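S.K.: need a 3D model of the following:
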Amino acid sequence: MRTLAVVVLAGAMAASPALAQPPAAHPPAARAPEYDPAAEITVKGVVEDIHESKLKLDHPGLHLILKTETETVEVHACPVRFLSELDFTVEKGDTLTVIGSRPKAGDLVIAREITKGQISLTLRDKKGVPIW
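M.R.: Predicted coordinates:
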């Protein structure tokens, strides 16, 4: 399995209609929770929706709605420009495995690593500190 580590890169991703619309089912929280290594889980599912959050209190960046066999979760990933510049695309219908923190056992997962096929993208270190 090939692993990509996110590094600081310059640039911006072009706007995409799929990324512009937040899902109606999950309004942003008053303040997004912090990464909790003790609450780390692994989820696998199919991407149902993708949007970009620009709210400072809501983990700005790419958010994915992931449908697992038993539930639907919102995955907070990373700044969208990192995926674009690393040529790591995520589209509706993709099957992903996400390792991340699930604070308070809610429907939100803060991604540390995303795997699509044979490629894994590391977004945070084991303590949850972003590496971008």
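S.K.: can you find the helix or strand of this structure with the lowest average pLDDT?
M.R.: Within the chain, confidence by mean pLDDT, DSSP states H and E is lowest for helix 17-20 among all helices and strands, at a mean of 44.
S.K.: starting at the chain centroid, how far to stretch 98-115?
M.R.: In terms of C-alpha atoms, centre = their mean, to the nearest Å, the centre of stretch 98-115 is found 8 Å from the chain centre.
S.K.: do the same with stretch 108-118
M.R.: With C-alpha atoms, centre = their mean, you get 6 Å for stretch 108-118.
S.K.: avg pLDDT for that stretch?
M.R.: Computed over stretch 108-118, the mean pLDDT rounds to 97.
S.K.: OK, contacts around the residue nearest the centre of the chain?
M.R.: Among the residues of the chain, residue 77 comes closest to the average C-alpha position under C-alpha atoms, centre = their mean, at 2.1 Å. By C-beta atoms under 8 Å, 6 or more residues apart in numbering, the contact set of residue 77 is 61, 62, 63, 64, 83, 90, 111, 114, 123. (Each C-beta comes from the backbone N, C-alpha and C, glycine too.)
S.K.: the closest residue to the fourth one other than its chain neighbours in helix, strand or coil?
M.R.: Yep, that's residue 64 we're talking about. Take residue 64 and drop its neighbours on the chain: the residue closest to it by C-beta to C-beta, 6 or more residues apart in numbering is residue 75, 4.3 Å away. Using DSSP: H, G, I helix; E, B strand; the rest coil, the structure places residue 75 in strand.
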